[in-house]
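Asker: here is a sequence with its predicted model. Questions after.
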Amino acid sequence: MPSSGESRLDHSGGKKKHALAGLAAGTAVQANDVAKISKFEELEGLDFSFISYDENTVFSHDFFQLLKSSFDLIKLFDPIFKELEVREKAGQPPPTCIIYDRYCVGAVDIAKKIGVPSYIFYSCGAVHARFLQEAPRMLTGKGPFPLKDDGTMEPVAGRVDIPGLPPMTGPDLLENTFTDPCWRIRIGQAMAESSGVIINTFYELEKPQIDEIRRQCAEQAAASGRKTSEVFPVGPLSEAATFRDRSFVQGASAGSSERAESLQWLDSQRPHSVLYICLGSWVRWKPRQVEELALSLEASGQSFLWVLSRSQEALPAGFEDRVRDSGKGYIASGWVPQLHILQHASIGGFLSHCGWNSTIESISLGVPMLCWPQNAEQPLNCRYIVDVLKVGIQVGHMTFAGPALVKRDEFQRVFRILLEDDEGEAMRSRAQQLKLKAEEAVAAGGVTQRVLDELTEMIPVQTA
């Protein structure tokens, strides 16, 4: 939700006053929900003010429909940009900088108009940020996808190489490339035009991407005569990296009945024996795919905790009763405490869609993954988890029509590798090493704190 906040930050022994305008997509959250951020204990003493949309302009829209045309979504921020201009023309002190996410790329233009720096924030990690940085070249006929006579791109099924990224295939890039390419081109341009790029990652996790983003920023700046955009890896921005002991998990059982029941069920399972299954809140399960996964779980005898908020009617007849009676499975139909589940001693792996939040939570808690990407940037994350970090196994494959149907034999194969074979144990060991690096990054005086200090030092001081 677009918001403006004024904060006092103490650095280098002195008080610095900043007025920050933070702009983020707000189709799913009301302004009063975002305002709750100001109540966080960590932000005590800071002053917040909010500029919000007319609700009729935004929240009557279906989020999935808006995503079909990201430029339509971007236009919804125009009233916010105009309000900042009006305030500036009226002599009110402008923000000292604007921090915006990729759905608000128009913010870079308004920042230029009112004469303040702007920083683009990537919540999806450096792999996706690096791809989007390359979009102006890739999506204008200069990359691996040839342009057709009508100006659209010709899909390429074979290998695609992008500097700083592991080898991809055309289907891996389908949604990022052939859906709304103009918006992605604009994001890549905004990266070069902004004062900095803020990414939810840490250097030890995505070194190749961060190094390449920095190199490309320097090259683009030299070619255009602009100042180089700085890159700030400020993650992991997840509570997962602050989990230290089991007492925190046990203390979480006092919430909703589903929350308490899921954790109590995990308490009854053997260490590293349970597969946690969650494909996020956006995935719309196909009935045949639900059936194949359910039958594979039952045939393999694999213990599991499956978050299936919709499509439960597609489960095979009697499946829920059978797994409940055997004690082998728990099916959650509502919200569950994912961080607490991933940190539980009984969890042996995470069957995930590879959304970045789930990915960085799993890595920060040392849990290896079965990678089953569905859309958006998820196939890119999958390739990095599997081929570079080597803490996951890919499930199925992408096609130009989306993820292919995964059959029960394939599920049983990857269950066995991750939870029974030496290969899975090696992945768990590597995941635990990344967990330690995540904890080091967010520790007091760690690299994340140092990067945040560098960022705040770059923000101009408010003089008015």
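Answerer: Good, I have the coordinates.

Asker: could you chop the protein up by domain?
Answerer: Using automatic domain parsing, the domain ranges for the chain come out as 3-239+443-458, 242-440.

Asker: among these, show the one with the smallest mean pLDDT.
Answerer: Least confidently modelled of the domains of the chain is domain 3-239+443-458, at a mean of 75 by mean pLDDT.

Asker: returning to what we had before: using JSON lines, lay out the domains of the chain together with mean neighbour count.
Answerer: Backbone N, C-alpha and C define where each C-beta goes, glycine included. Putting the domains of the chain into JSON lines (neighbours: other CB atoms under 10 Å) gives the following:
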{"stretch": "domain 3-239+443-458", "mean neighbour count": "17"}
{"stretch": "domain 242-440", "mean neighbour count": "18"}
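
Asker: quick one: the strands in the stretch 101-250 of the chain, in order.
Answerer: For the stretch 101-250 of the chain, the strands defined by DSSP state E, counting those that start in this stretch cover 118-122, 159-160, 168-169, 196-199, 230-233.

Asker: quick one: contacts for residue 157?
Answerer: Contact partners of residue 157, counting by CB atoms under 8 Å, 6 or more residues apart in numbering, are 169-171, 400.

Asker: now these as a markdown table including distance to residue 107?
Answerer: What follows is the contacts of residue 157, written out as a markdown table (distance: CB to CB, whole Å):
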| residue | distance to residue 107 |
| --- | --- |
| 169 | 33 |
| 170 | 32 |
| 171 | 32 |
| 400 | 33 |
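
Asker: residue ranges of the strands in the stretch 251-400 of the chain, please?
Answerer: For the stretch 251-400 of the chain, the strands defined by DSSP E, counting those that start in this stretch cover 274-278, 303-307, 329-332, 347-352, 369-371, 392-394, 398-399.

Asker: which helices and strands does the top helix by length along the chain pack with?
Answerer: With secondary structure taken from DSSP state H, the chain has its longest helix at helix 422-442. Using 3 or more CB pairs under 8 Å, 6 or more residues apart in numbering; DSSP states H and E, the elements in contact with helix 422-442 are strand 347-352, helix 356-364, helix 408-419, helix 447-458.

Asker: that one: how far from the chain's middle?
Answerer: In terms of CA atoms, centre = their mean, to the nearest Å, the gap separating the centre of helix 422-442 from the centre of its chain is 19 Å.

Asker: likewise for stretch 92-111?
Answerer: Relative to its parent chain, stretch 92-111 has a centroid offset of 21 Å by CA atoms, centre = their mean.

Asker: could you number the chain from 40 rather than 1 from now on?
Answerer: That works, and once the first residue is 40, the last one we named lands at stretch 131-150.

Asker: residue 331 versus residue 450, what's the distance?
Answerer: 7 Å (CB to CB, to the nearest Å).

Asker: same check, this time on residue 402
Answerer: As defined by CB to CB, residue 402 lies at a distance of 27 Å from residue 331.

Asker: one more: residue 496?
Answerer: With the distance defined as CB to CB, residue 496 ends up 53 Å from residue 331.

Asker: and residue 357, by the same measure?
Answerer: In this structure, residue 357 and residue 331 are separated by 17 Å, where distance is defined by CB to CB.

Asker: contacting residues around the closest residue to residue 150 other than its chain neighbours?
Answerer: In space, and not counting its chain neighbours, residue 150 is closest to residue 157: 3.6 Å by CB to CB, 6 or more residues apart in numbering. When contacts are counted by CB under 8 Å, 6+ apart, residue 157 touches 136-139, 146-147, 150-151, 232-234.

Asker: from those, which single one is nearest residue 121?
Answerer: For residue 121, the closest of these turns out to be residue 146, at 12.4 Å, with distances computed as CB to CB.

Asker: residue 449 contacts residue 432, correct?
Answerer: No - assessed by CB atoms under 8 Å, residue 449 is found out of contact with residue 432, at 10.6 Å.

Asker: ok, back up a step: sort out for me which of the contacts of residue 157 are in helices.
Answerer: With helices taken from DSSP H, the overlap with the contacts of residue 157 comprises 146-147, 150-151, 232.

Asker: residue 178 contacts residue 225, correct?
Answerer: No - taking CB under 8 Å as the definition, residue 178 is not a contact partner of residue 225, at 10.5 Å.

Asker: how far away is the closest residue to residue 328 other than its chain neighbours from residue 321?
Answerer: Ranked by CB to CB, 6+ apart and with sequence neighbours excluded, the top spatial neighbour of residue 328 is residue 444, at 6.1 Å. According to CB to CB, residue 444 and residue 321 sit 19 Å apart.

Asker: one more: residue 426?
Answerer: As for residue 426, its distance to residue 321 is 25 Å (criterion: CB to CB).

Asker: same check on residue 197?
Answerer: Here the distance between residue 197 and residue 321 works out to 29 Å (CB to CB).

Asker: for residue 381, same thing?
Answerer: On the measure of CB to CB, residue 381 and residue 321 end up 19 Å apart.

Asker: quick check: nearest residue in space to residue 474, chain neighbours excluded?
Answerer: Using CB to CB, 6+ apart, the nearest residue to residue 474 is residue 405, at 3.5 Å.

Asker: mind listing what that neighbour touches?
Answerer: Applying CB under 8 Å, 6+ apart, we find residue 405 in contact with 467, 470-471, 473-474.

Asker: where does the residue nearest to residue 467 when sequence neighbours are not counted fall, phi/psi-wise?
Answerer: Nearest in space to residue 467, with sequence neighbours left out and distances taken as CB to CB, 6+ apart, is residue 407 at 5.0 Å. Dihedral angles of residue 407 (phi, psi; degrees, to the nearest 10) stand at phi -70, psi 160.

Asker: what residues are up against residue 407?
Answerer: Contacts of residue 407 (CB under 8 Å, 6+ apart): 388-389, 401, 430-431, 457, 463, 466-467, 469-470.
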